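# My questions concern the predicted model and sequence given below.
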Amino acid sequence: SLLNTVYKIFSKILLSRLSPYTEAIIDEQQSGFMKGRSTIDQIFLLKQAISKYYEFNKGFYGIFIDFKKAYDSIDRNALFKKMEKHGIPQKLIRLSKMCISDSKAKIRIDGEMSENFLINTGVRQGDGISPTLFNLAVEEALQKVKRLQRGVKLGVDLNVMAFADDVVILSESLDDLSTLTKSFIKECQTVGLELNEDKTKIIHFGRHAGNVRTNLSIDNYSIGCVESFKYLGVTINSKNVEDIEIQSKLANANRCLGACTKLFTSRLLSQCSKIRIYKTIIQPVLMYGSETWTLTKKNEGRLIVFENKVLRKIFGPICDEGVWRIRKNRELRNVYQDPDIVALVKAKRISWLGHVHRRQEGTRLKEVYQAVPAGRRPLGRPKIRWCDQVVEDVTRCGGSVDLAEDRVAWKRLIDEAKNRLRFVTPRQ
């Protein structure tokens, strides 16, 4: 949407007036555009559920829901009724109505603009209050699913998670999953939302995943079953194998590197500028979601190999006795003194562990992290757990998990991790 500056200021003021009400109304299963919540909350919850159920030889199902043109389909009258039902003052409802009413659009066809036409449904794309209005529209559907329970049992009944319109419903059986999904779809239809059948997928998580191969029928929709799905920018797979996600992130980072190669080889930019480009453009692509990674030595090596590849582009070859050659790994580390990518990932994990520990008792994030599923572990060597790796890193840095409550001490520990937890090659 094309919005003028005065309207944007007004929209921001209105959002600040709505925020106290939305924070009280919208429950913790919704993380989208809510203060103190992020995509990492939902990614961490889902990965912890998969990991813990896998550890205890249990399984569950997840349906990843996609809507057809979610923001453009909201029934405005239904939205305002929901706002009234939630107890939002009439003045704020009238102002919200004023913001999205009488919105118009044009279509460009072969370079020519059409006449204006009214848009009677949906919320404006790019408007500051649109995400909040969308959250209010779907909150009742999420609450309805939560009340039904029948989800994954990990301290709390974990049956639905959402980040705006990215929703996943979890249950231990297909029958319960179908019941929860039908309830959610039915409530969403009252505000104009329709399921996108082609993009909605089901995954069976656990050691015996893959038993479900055919499409499943849920409320007249035929939903396909897959073994992996891209959720909130992270590849989630049926057995929580981290290799797939890290390979995906490395592929994205390599594409980023390809786009920046001319900058890295340019003589017009200083090495400091090139390093800044690497840290601000490539590293965030590679490290998104790394707070939740469980790393093997093999994957640590892959990350270092990629970083060395970038550094060779930045620092260029070296003249050795009149012969130009590429820099060796140890030579790269001599000129690049900053913490390596592995140390940064481990520091981010420690930072996230502190965030989880500081959460109030009873919150889903803390309950799921501390939970132990009912049942027994199968025979054999267990998979490496996220919590074990991060606690070990904390110990190696001379700290303990109890320090998490002290933000200053925990920040010092994170800084220490960046220096102490650098990657060490087998030869070293």
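Cool, got the structure.

# Give me the below-cutoff pLDDT ranges for the stretch 1-150 of the chain.
Scanning the stretch 1-150 of the chain for pLDDT under 70 picks out 1.

# residue boundaries of the helices in it?
Using DSSP state H, counting those that start in this stretch, the helices of the stretch 1-150 of the chain run over 5-25, 39-55, 70-73, 76-85, 90-100, 130-148.

# Quick one, which of the ones you listed gets closest to G62.
Closest approach to G62 among the helices of the stretch 1-150 of the chain (Cβ to Cβ): helix 39-55, 7.5 Å. (Each C-beta comes from the backbone N, C-alpha and C, glycine too.)

# For that closest one, which residues meet the burial criterion?
Using 16 or more other Cβ atoms under 10 Å as the test for burial, helix 39-55 gives 39-55.

# how far is that helix from where the chain is centred?
Distance, stretch centre to chain centre, for helix 39-55: 11 Å (Cα atoms, centre = their mean, to the nearest Å).

# Wait, Y61 touches S171, no?
Yes - the pair Y61 / S171 is scored as a contact, 5.8 Å apart, by Cβ atoms under 8 Å.

# unless I'm mixing things up, L118 is touching S101, no?
No - L118 lies out of contact with S101 (Cβ under 8 Å); the separation is 9.5 Å.

# got JSON lines for the helices of the stretch 1-150 of the chain, with distance to I326 too?
Formatted as JSON lines, these follow (distance: least, Cβ to Cβ, whole Å):
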{"stretch": "helix 5-25", "distance to I326": "50"}
{"stretch": "helix 39-55", "distance to I326": "36"}
{"stretch": "helix 70-73", "distance to I326": "49"}
{"stretch": "helix 76-85", "distance to I326": "59"}
{"stretch": "helix 90-100", "distance to I326": "57"}
{"stretch": "helix 130-148", "distance to I326": "47"}
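
# between those helices, which one is nearest to V401?
Closest to V401 of these is helix 39-55 (Cβ to Cβ; 16.2 Å).

# got a list of contacts for the closest one?
Residues from elsewhere that reach helix 39-55, judged by Cβ atoms under 8 Å, 6 or more residues apart in numbering: 31, 59-60, 62, 152, 154, 158, 161-163, 168, 170, 205-207, 231-234, 236, 239-240, 289, 291-292, 294, 352, 356, 364-365, 368-369, 371-373, 377, 382-383, 385-386.

# do stretch 76-88 as well
Contacts for stretch 76-88 (Cβ under 8 Å, 6+ apart): 18, 21, 25, 90, 92-93, 96-97, 100-101, 120-123, 133, 136-137, 139-140, 190-192.

# Make a ChimeraX selection of the buried ones in these.
Selection of buried members from the contacts of stretch 76-88 for ChimeraX, criterion 16+ other Cβ under 10 Å:
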select :18,21,25,93,96,100,121,122,123,133,136,137,139,140,191,192
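
# which residues sit in contact with V160?
By Cβ under 8 Å, 6+ apart, the neighbours of V160 are Q29, L142, V145, K146, G151, V167, V168, I169, L170, L180, F184.

# scratch that, A137
I74, A78, L79, K82, V191, L193.

# Kindly recompute the last result at 6 Å.
With contacts defined as Cβ atoms under 6 Å, 6 or more residues apart in numbering, A137 is in contact with I74, L79, K82, V191.

# how much space between it and L365?
Distance, A137 to L365, by Cβ to Cβ, to the nearest Å: 25 Å.

# Equivalent analysis for S266, please.
Taking Cβ to Cβ, one finds S266 at 44 Å from L365.

# Between those two, tell me which one has more neighbours.
More neighbours surround L365 than the other of S266 and L365, with 22 against 11 (other Cβ atoms under 10 Å).

# For the closest residue to that one other than its chain neighbours, grab the count of nearby residues.
Nearest non-adjacent residue to L365, counting by Cβ to Cβ, 6 or more residues apart in numbering: R359, 5.2 Å away. The number of residues packed near R359 is 16, by other Cβ under 10 Å.

# where do the strands sit along the stretch 201-350 of the chain?
Assigned by DSSP state E, counting those that start in this stretch, the stretch 201-350 of the chain shows strands spanning 201-205, 216-218, 221-225, 228-231, 234-237, 318-320, 323-325.

# from those strands, which stretch is densest packed?
Most buried of those by mean neighbour count (mean count of other Cβ atoms under 10 Å) is strand 201-205; its value is a mean of 22.

# Kindly calculate the angle that it makes with helix 39-55.
50 degrees (axes from the mean of the first three to the mean of the last three Cα atoms, to 10 degrees).

# what inclination does strand 201-205 have with respect to strand 221-225?
Going by the same axes, to 10 degrees, strand 201-205 makes 40 degrees with strand 221-225.

# Strand 201-205 - what's its average pLDDT?
Per-residue pLDDT over strand 201-205 has a mean of 95.

# Adjacent strands (with direction) for that strand?
Strand pairing for strand 201-205, determined by DSSP bridges: strand 60-65 (antiparallel), strand 221-225 (parallel).

# what's in contact with it?
With Cβ under 6 Å, 6+ apart, strand 201-205 has contacts from 50, 59-64, 212, 223-226, 229, 238.
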